[in-house]
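S.K.: Provided below for reference: sequence and predicted model.
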Amino acid sequence: MDVDHSFRVPFHCRQLAPSDVPGWDYSSVPELVILPEDMPPEDARALTDHLQVVQSAAESISSSSSRDEVVQFERCLRQLALDWENYYLPKYPGPFFRVRVADVRAAGGSWNTALMLYDEVLHSLHSPESASFAEFVSAMRARAQNDAEQQALRNGHLRFFQPWKPARQHAKPFSWPILPAAAPDMLAAWRTSTTQRQYLNYNWVQTIQLDQDCLLTSRVRLKRWPFRPTL
């Protein structure tokens, strides 16, 4: 993973930016590159430190890096994206963090959800430098429209059914770029849980009860103890 030294947007990083979209570079728009005025020093320092860690990790990643180093960098990057959306944006709902959350969504290919935030940002800008950002949003709108049309074409050829197979055979979504950092630990905890069987029993009993396939006379007992393998 190479570092792009031409990346000049303050308080940002290339890996979370849709820099391949024509016109993306709002480094000249003050509202989008200057930290919010009401942001206390401790939050500004935490954000700066996190960005420095990401940048330092990115510079150390190369083709010879170990798998653990790459995973650690991806986890740090994912945490930054989550912090922008879950901590900073609710606390500072202005255009600065809103545009960065939109960037993460666009970089992940979610054009329409990104476009909603970009439109909100555009309508909140008042500086004359925002004209270039308006051109970028226009390009993003065209890309989102094209993506929606392509989705509609693909959906016309899809089958909305498939042969049943157990849930354990389905691929688990651990390649999603914005997974919580604790996702592997949660999966490991589930696989080793002593109450996993009880939970599966509970779901089975609830399904039978909703479908009214048969009368269950002792639901509490069925939820707690496993069924006999011969049943």
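M.R.: Done, it's in. Computed from a predicted model, the values in this text were never measured in an experiment. Numbers count the residues shown, from 1 in each chain.

S.K.: tell me the confidence at Leu210?
M.R.: Note for Leu210: predicted pLDDT of 70.

S.K.: what's around it, how many residues?
M.R.: For Leu210, the neighbour count with other Cβ atoms under 10 Å is 8. All C-beta spots, glycine's among them, are computed from the backbone N, C-alpha and C.

S.K.: avg pLDDT for stretch 111-121?
M.R.: Stretch 111-121 shows a mean pLDDT of 93 in the predicted model.

S.K.: tell me where the protein has strands.
M.R.: Taking DSSP state E as the test, none of the chain falls into strands.

S.K.: and the longest helix along it, which residues are buried?
M.R.: Secondary structure assigned by DSSP state H gives helix 131-155 as the longest helix of the chain. Buried residues in helix 131-155, defined by neighbour count with 16 or more other Cβ atoms under 10 Å: 133, 136-137, 140, 143-144.

S.K.: now tabulate those residues in JSON lines and tack on distance to Tyr199 and pLDDT.
M.R.: Formatted as JSON lines, the entries for those read as follows, by distance: Cβ to Cβ, whole Å; pLDDT from 0 to 100:
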{"residue": "Phe133", "distance to Tyr199": "49", "pLDDT": "91"}
{"residue": "Phe136", "distance to Tyr199": "47", "pLDDT": "91"}
{"residue": "Val137", "distance to Tyr199": "46", "pLDDT": "93"}
{"residue": "Met140", "distance to Tyr199": "43", "pLDDT": "92"}
{"residue": "Arg143", "distance to Tyr199": "42", "pLDDT": "90"}
{"residue": "Ala144", "distance to Tyr199": "40", "pLDDT": "89"}
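
S.K.: with distance to Gln15 added, can I get these in TSV?
M.R.: Conversion of the buried residues of helix 131-155 to TSV gives the following (distance: Cβ to Cβ, whole Å):
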residue	distance to Gln15
Phe133	21
Phe136	19
Val137	22
Met140	19
Arg143	19
Ala144	21
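
S.K.: ok, so of these, who is nearest Val99?
M.R.: Taking Cβ to Cβ as the measure, Val99 sits nearest to Phe133 out of the buried residues of helix 131-155, at 8.4 Å.

S.K.: so what's that closest one up against?
M.R.: Phe133 makes contact with 26, 29, 32, 121-122, 125 under the criterion Cβ atoms under 8 Å, 6 or more residues apart in numbering.

S.K.: so among those, which ones count as buried?
M.R.: Burial of the contacts of Phe133 was assessed by neighbour count (16+ other Cβ under 10 Å); the buried members are 26, 29, 32, 121-122, 125.

S.K.: and those as TSV, adding distance to Pro41?
M.R.: Formatted as TSV, these follow (distance: Cβ to Cβ, whole Å):
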residue	distance to Pro41
Tyr26	25
Val29	24
Leu32	21
Val121	25
Leu122	30
Leu125	26
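
S.K.: what about the protein, any weak spots by pLDDT?
M.R.: Low-confidence segments of the chain (pLDDT under 70): 1-6, 155-163, 165-180, 211-231.

S.K.: if we go to 80?
M.R.: Residues of the chain meeting the criterion pLDDT under 80: 1-8, 151-184, 196-231.

S.K.: just give me the neighbour total for Cys13.
M.R.: Neighbours of Cys13 using other Cβ under 10 Å come to 20.
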